[in-house]
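J.: just coords:
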């Protein structure tokens, strides 16, 4: 079945450092891939998505490219800020309103000033 | 963008009482909504899939008689935690998907504390 593997955290960085959070998936066909972010005490917010191979999702300086050959969707940001501190979830989904998302375990990012 | 509203955002209740959590899609219709539970520092665990006009589909290990789900309209699903106990204390999150997209939108979550 479908699954998502995400690097364990916490990831602790200094402000303006480069961020990479690794995510790989196992799935048949061509699922859509997502990154969600959860700030303390809140629900999840969609950060970015990619719906087919080689697509690049981007938002708020974050980027991730759908790599079918390596079954990966790594999240990157060139210069993190303290306000980026949150838990980041990689997820896989398929078309159709009834199809649930498959989440990775989440990675806590802590950015220090 | 589409918004999913969840209410209440936090609730404290006594052991043995029941608590109802509402999840509403504000600007789109959702025939299916999902209920998740999240333990501290852990990922989301899918509890059940809520289907408008029919019975919910529960994940393995989730007690359907304890976590009652009702999806009475295309914009509202409710989760009722019956006879709550301290071990039910958790963060509950709902999500819904707009039929026209592949994106799931999440409510802001409900922090349940049973004392």
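T.: It's in. Everything quoted here is computed from the prediction, not taken from an experiment.
J.: only C-alpha atoms from now on, for both contacts and neighbour counts.
T.: Will do.
J.: retrieve the pLDDT associated with residue A:80.
T.: According to the prediction, residue A:80 has pLDDT 98.
J.: which one is it nearest to, not counting chain neighbours?
T.: residue A:16 (4.8 Å; CA to CA, 6 or more residues apart in numbering or on different chains).
J.: now that neighbour. Its backbone dihedrals?
T.: The main-chain torsion angles of residue A:16 are listed as degrees, to the nearest 10 and equal phi 80, psi 0.
J.: remind me which residues of chain A are low pLDDT?
T.: A:95-98 (pLDDT under 70).
J.: any idea which residue of it lies closest to chain B?
T.: Of all residues in chain A, the one sitting closest to chain B is residue A:43 (3.9 Å; CA to the nearest CA).
J.: and that residue, how many neighbours?
T.: 22 (other CA atoms under 10 Å in any protein chain shown).
J.: stretch B:40-55 and chain A, any residue contact?
T.: Yes. In this structure, stretch B:40-55 sits against chain A according to CA under 8 Å from any CA of the partner chain; the contacting residues are B:42, B:43, B:44, B:49.
J.: which parts of that stretch are buried?
T.: B:43, B:44, B:45, B:46, B:47, B:48, B:49, B:50, B:51, B:52 (16 or more other CA atoms under 10 Å in any protein chain shown).
J.: let's have those residues in CSV, adding pLDDT.
T.: Listed next are these as CSV, based on pLDDT from 0 to 100:
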residue, pLDDT
B:43, 81
B:44, 86
B:45, 88
B:46, 90
B:47, 95
B:48, 94
B:49, 92
B:50, 90
B:51, 86
B:52, 86
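J.: narrow those to those in helices?
T.: Judged by DSSP state H, the buried residues of stretch B:40-55 include no members of helices.
J.: what's around the nearest residue to residue B:87 once chain neighbours are set aside, how many residues?
T.: If the residues on either side of it in the chain are set aside, residue B:87 comes closest to residue B:114, at 7.7 Å by CA to CA, 6+ apart. As a burial measure, the neighbour count of residue B:114 was computed by other CA under 10 Å and equals 20.
J.: hmm, back to that, now for the residue nearest to residue A:80: which residues touch it?
T.: Applying CA atoms under 8 Å, 6 or more residues apart in numbering or on different chains, one finds that residue A:16 lies in contact with A:78, A:79, A:80, A:81.
J.: filter those to the buried ones?
T.: Buried, going by 16+ other CA under 10 Å: A:80, A:81, out of the contacts of residue A:16.
J.: ok, the residue nearest to residue A:53 when sequence neighbours are not counted - contacts?
T.: Setting aside the residues directly before and after it, residue A:53 is nearest to residue A:66 in space (CA to CA, 6+ apart), at 5.2 Å. Contacts here follow CA under 8 Å, 6+ apart; on that basis residue A:66 touches A:33, A:50, A:51, A:52, A:53, A:54, A:55, A:56, A:72, A:73.
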